[in-house]
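A.B. asks: Structure, please.
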Amino acid sequence: MTTPARPSRIAVLGAGFAGLSTIRELRRRDAQSEITLVAPRAELHYLPGIIWIPSGLRKREDLVIPLDHFLRRQRVRFVAAEVTGLSEAGRMVHTTAGEVANDALVIATGGRFIKKLPGMEHAITPCEGIAAAERIRDRLREMSGGTIAVGFAGNPNEPTAVRGGPMFEFLFGIDEQLKREGRRERFEIVFFNPSTEPGNRLGPKAVKHLLDEMARRGIRTHLGHKLKCLAADRVVTEGGEFAADLILFMPGMTGNAWFDATDLPRSPGGLLQADAHCRVPGRERTYVVGDSGSFPGPDWMPKQAHMADLQAAAAAANLLADLQGRPGQATFKVELICIVDAIDRGTLIWRSPQRNWLLPSSRLFHWAKRAYEWKYLRQYR
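C.D. replies: Okay, here's the model as predicted:
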């Protein structure tokens, strides 16, 4: 009598878009494997929606989705912990709650923001999460006037490790919010960026559109100068400084701190190296998806949920093929889809290696963004 083969053990690290999409793709293709999710909380924080927190269109409870039902439906074991390292060539994950053995591993723990600029404590970094957006909301309520500075920068060693799109949304959203509240004339809004073409990863048409929109809204710009430091009341660059009573600043991204406790290959910018199949080179059955990875492709490849979904499908197909001893050669398309929203209207930007489209501001795109949020979150509720 033969002993039945043990189901394969797959560990997925991270409960963001990349990790959860990978779980859906794995389970869609394979009903038998044992999947373990490791994350600090069994919650999805829908960060694209934080742009609407300052205006009151969204609250915390709208954007925090408990994952208990989803994990039960997908038959996923959950380990509430933070990852601290790997051993045994990736087959053992070390966490704050103990060790998790696996036959295949997917790393989807996101990235972290580079906080090396002096004075970062004086700025709010919006994409750090819901609490950051709530701080922006509360600060705006407290302010009777003054200067609001909004900017972002990148990782000089990793062109793709930047998240500028949400900063344009905060910029235009705050402008619109203050107009609705009848107090825009009491504020000066300044957009700053070390590039003379902010948003160039969205495409040349987008750069012109964004700068024209700033001019139309009376938003002053301070462009093309390397940042020196931030202070409690000003932004200082190599091209001068300007006063600021509230600073929203998104620095570039790099890899998680726990990567340093592994021997995984890293990109020049500190992310995990990945090939076109989402495999970590030189590591058996170890994959990376989403913001944690540095992938081959154009330097405008976005760090966004849609891109993570595309990578998750490729990683899941190849991982299962590896476990079954088959050649897995699935790849992912590179595609940027972005609606730059301003509370009541949005601009659609789409970019692929072949095309770059921009459809001007419309109320339709604002409602499309809200409809997408509803549809996306429905699968996890």
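A.B. asks: At which residues are the helices of this protein located?
C.D. replies: 17-29, 60-63, 68-73, 130-142, 165-180, 204-217, 305-323, 363-378 (DSSP state H).
A.B. asks: can I get those in a markdown table with mean neighbour count and mean pLDDT?
C.D. replies: No exception for glycine: its C-beta is placed from N, CA and C like everyone else's. Formatted as a markdown table, the helices of the chain follow (neighbours: other CB atoms under 10 Å; pLDDT from 0 to 100):
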| stretch | mean neighbour count | mean pLDDT |
| --- | --- | --- |
| helix 17-29 | 23 | 97 |
| helix 60-63 | 14 | 97 |
| helix 68-73 | 14 | 97 |
| helix 130-142 | 16 | 98 |
| helix 165-180 | 22 | 97 |
| helix 204-217 | 16 | 96 |
| helix 305-323 | 23 | 97 |
| helix 363-378 | 14 | 96 |
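A.B. asks: Format those as JSON lines; extra columns: distance to Ser267.
C.D. replies: Converted to JSON lines, those look like this (distance: least, CB to CB, whole Å):
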{"stretch": "helix 17-29", "distance to Ser267": "17"}
{"stretch": "helix 60-63", "distance to Ser267": "30"}
{"stretch": "helix 68-73", "distance to Ser267": "31"}
{"stretch": "helix 130-142", "distance to Ser267": "26"}
{"stretch": "helix 165-180", "distance to Ser267": "22"}
{"stretch": "helix 204-217", "distance to Ser267": "26"}
{"stretch": "helix 305-323", "distance to Ser267": "15"}
{"stretch": "helix 363-378", "distance to Ser267": "29"}
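A.B. asks: Which of the ones you listed sits closest to Val235?
C.D. replies: Val235 lies closest to helix 165-180 among the helices of the chain, at 13.8 Å (CB to CB).
A.B. asks: So what's the gap between that closest one and the chain middle?
C.D. replies: In terms of CA atoms, centre = their mean, to the nearest Å, the centre of helix 165-180 is found 19 Å from the chain centre.
A.B. asks: Show me what it is packed against.
C.D. replies: Applying 3 or more CB pairs under 8 Å, 6 or more residues apart in numbering; DSSP states H and E, we find helix 165-180 packed against helix 130-142, strand 146-152, strand 187-193, helix 204-217, strand 246-250, strand 336-341.
A.B. asks: at 10 Å instead, please
C.D. replies: helix 130-142, strand 146-152, strand 187-193, helix 204-217, strand 246-250, strand 336-341, strand 346-351 (3 or more CB pairs under 10 Å, 6 or more residues apart in numbering; DSSP states H and E).
A.B. asks: Could you save those as JSON lines and add columns showing distance to Leu71?
C.D. replies: Converted to JSON lines, the helices and strands packed on helix 165-180 look like this (distance: least, CB to CB, whole Å):
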{"stretch": "helix 130-142", "distance to Leu71": "21"}
{"stretch": "strand 146-152", "distance to Leu71": "34"}
{"stretch": "strand 187-193", "distance to Leu71": "40"}
{"stretch": "helix 204-217", "distance to Leu71": "38"}
{"stretch": "strand 246-250", "distance to Leu71": "31"}
{"stretch": "strand 336-341", "distance to Leu71": "28"}
{"stretch": "strand 346-351", "distance to Leu71": "33"}
